[in-house]
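Student: One predicted model, sequence on top.
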Amino acid sequence: MHIPRKIQVIAVLAILTGAGFLAWHLFGARQSGDLTLYGNVDIRQVDLGFRVGGRIAAVLVDEGDAVSEGQPLARLDDDLLRQQRDQAAAKLAGQKADLARLERGYRVEEIAQARASVVAATAVAENASINLKRVAAMRASNAISQKELDNARAAEREAAAKLRSAQDQLDMLTSGYREEDVLAQRAAVAAADAELNHAEIQVRDAVLAAPQKGIILTRAREAGAIVQAGQTVYTLTLTNPVWLRAYVDEPNLGRVKPGMSVRVAVDAAPGKTFPGTVGFISPTAEFTPKTVETREVRTALVYRLRVQVEDPENVMRQGMPVTITLEPVTP
């Protein structure tokens with residue numbers, strides 16, 4: 001039976017239209033529905049140690065203990081550290097005393113003594129000058145020898161020099177210490193103050209405190225052990241925030257955005273879900289792709305997600321499998 005060409009064209013168009021509608025319907029339903037991802041709890045850990053070395057005097061918490069931020073975990077024997085702090089404090093006090101002496105200048109008694117020396121030197125110089133005039137007149141009349149005149153002149157010059165020296169000493173005392181000496185002493189005070197601050201920090205560092213809220217995972221050292229600075233004493237598991245590691249395939253990558261709300265389910269709490277937020281989406285695939293990819297391999301690539309979740313009941317543990325449901329964003 002011969003079917004008209006026009007009818008054949010209409011039938012083909014109808015089939016293509018139906019197939020397209022069916023594909024759109026299936027794809028749209030998949031895109032508009034909830035997206036479920038699977039991952040694991042990725043709780044962060046931190047190794048804790050003293051910033052100074054020494055002998056551990058006490059360990060205050062044990063494995064499994066919950067600790068709060070700033071809570072003391074262990075203490076070092078700080079006798080030597082306190083002694084060093086006291087020595088630094090004494091050195092600073094001495095440097096400050098020297099600075100105060102320089103800033104105040106010379107004592108009143110020293111200045112008074114210098115003035116008296118100037119007065120005495122002035123009297124000697126005046127007497128030597130008068131004597132020189134008398135000797136010079138006598139020499140003019142040949143009453144004395146030239147040697148006596150030379151002696152009188154030498155005595156007059158010596159007295160004048162002593163007067164100038166006494167006056168310079170008085171001027172120095174009245175003007176105080178040099179500015180360079182004062183600045184140098186101020187620098188010495190600043191250096192001693194820095195040494196004291198460093199010693200005080202070391203004393204404080206003899207107490208190991210928790211940097212954040214968490215749970216003690218490992219206690220690596222016991223009381224009496226000698227530890228070096230930075231050597232691990234505890235391993236702390238951070239319980240807030242709790243991070244989840246999950247992966248999304250390339251076709252669904254466009255459906256996930258940072259800041260999206262999610263619901264998290266774990267086998268340890270059946271029937272319960274925990275609210276969370278997408279915090280990070282890796283900009284690259286987890287594994288480096290080859291130069292040329294087929295369509296099948298390209299759609300198999302996955303991208304890492306990081307989800308922050310609220311866990312007020314402290315249910316989640318490191319490595320625990322989780323189910324993450326991303327609710328669609330309504331336009």
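Tutor: Nice, I can see it.

Student: Buried residues, stretch 178-194. List them.
Tutor: 185, 188-189, 192-193 (16 or more other Cβ atoms under 10 Å). (Each C-beta comes from the backbone N, C-alpha and C, glycine too.)

Student: and the top helix by length along the chain, what does it pack onto?
Tutor: Counting residues, the longest helix found in the chain (DSSP state H) is helix 108-140. Contacts defined by 3 or more Cβ pairs under 8 Å, 6 or more residues apart in numbering; DSSP states H and E place helix 108-140 against helix 146-175.

Student: C-terminal to the helix it packs on, what's the next element?
Tutor: helix 179-204 (DSSP states H and E).

Student: Just the mean pLDDT for that next one, thanks.
Tutor: Helix 179-204 carries an average pLDDT of 93.

Student: Need the contact partners of whichever helix or strand comes after that helix.
Tutor: Downstream of helix 179-204, the next assigned helix or strand under DSSP H and E is strand 207-209. Applying Cβ atoms under 8 Å, 6 or more residues apart in numbering, the contact partners of strand 207-209 are 48-50, 70-76, 233-234.

Student: what would those residues look like in TSV with distance to Met316, neighbour count and secondary structure?
Tutor: TSV is the format used below for the contacts of strand 207-209 (distance: Cβ to Cβ, whole Å; neighbours: other Cβ atoms under 10 Å; DSSP: H, G, I helix; E, B strand; the rest coil):
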residue	distance to Met316	neighbour count	secondary structure
Leu48	22	20	strand
Gly49	27	18	strand
Phe50	30	22	coil
Gly70	24	10	coil
Gln71	22	14	coil
Pro72	27	13	strand
Leu73	23	20	strand
Ala74	27	24	strand
Arg75	32	17	strand
Leu76	34	24	strand
Val233	26	22	strand
Tyr234	21	25	strand
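
Student: any idea which of the residues you listed is closest to Gln212?
Tutor: Of all the contacts of strand 207-209, Gln212 sits closest to Gly70, with 9.3 Å by Cβ to Cβ.
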